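J.: what follows is a protein structure lacking sequence information:
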């Protein structure tokens, strides 16, 4: 228990920021070659991005990479199922979410 408290005390705003930046860079570094492989394999990237985030309007076409990064993040963190369950719940309530057609 005492060891646990010492570890938590060492966790500062700065260390959180460092961890967050490292995770963000790792996701970006993973998504870039994934997108490149999708392009080489003749995927329709517009359709793929819309399958992930259907109701998003991108300021630039290149911003669709954020849909893929969001998808990777959801899969890594295990939160993809949370979005799906929120969408299912919203269909049964009077407050409807604008959910993607397909949550992967």
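T.: Good, I have the coordinates. Source: prediction; values computed, not measured.

J.: in the protein, which helix or strand is least confident?
T.: Of all the helices and strands that make up the chain, the one with the lowest confidence by mean pLDDT, DSSP states H and E is helix 80-91; it has a mean of 60.

J.: which residues of this structure fall in helices?
T.: Read by DSSP state H, the chain holds these helices, from start to end of the chain: 2-9, 13-40, 45-52, 65-77, 80-91.

J.: redo those helices as JSON lines? Include mean neighbour count and distance to residue 58.
T.: The way it works is simple: take the backbone N, C-alpha and C, and place the C-beta from them, glycine included. As requested, the helices of the chain are arranged in JSON lines below (neighbours: other Cβ atoms under 10 Å; distance: least, Cβ to Cβ, whole Å):
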{"stretch": "helix 2-9", "mean neighbour count": "8", "distance to residue 58": "40"}
{"stretch": "helix 13-40", "mean neighbour count": "12", "distance to residue 58": "14"}
{"stretch": "helix 45-52", "mean neighbour count": "16", "distance to residue 58": "8"}
{"stretch": "helix 65-77", "mean neighbour count": "17", "distance to residue 58": "8"}
{"stretch": "helix 80-91", "mean neighbour count": "13", "distance to residue 58": "19"}
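
J.: would you mind reformatting these (as TSV) and adding columns for distance to residue 59 while you're at it?
T.: Formatted as TSV, the entries for the helices of the chain read as follows, by distance: least, Cβ to Cβ, whole Å:
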stretch	distance to residue 59
helix 2-9	40
helix 13-40	18
helix 45-52	14
helix 65-77	11
helix 80-91	23
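
J.: pick out the shakiest of these, pLDDT-wise.
T.: Within those, confidence is poorest for helix 80-91, with a mean of 60 (mean pLDDT).

J.: my read is that residue 30 contacts residue 75, right?
T.: No: Residue 30 is not in contact with residue 75 according to Cβ atoms under 8 Å; the separation is 10.3 Å.
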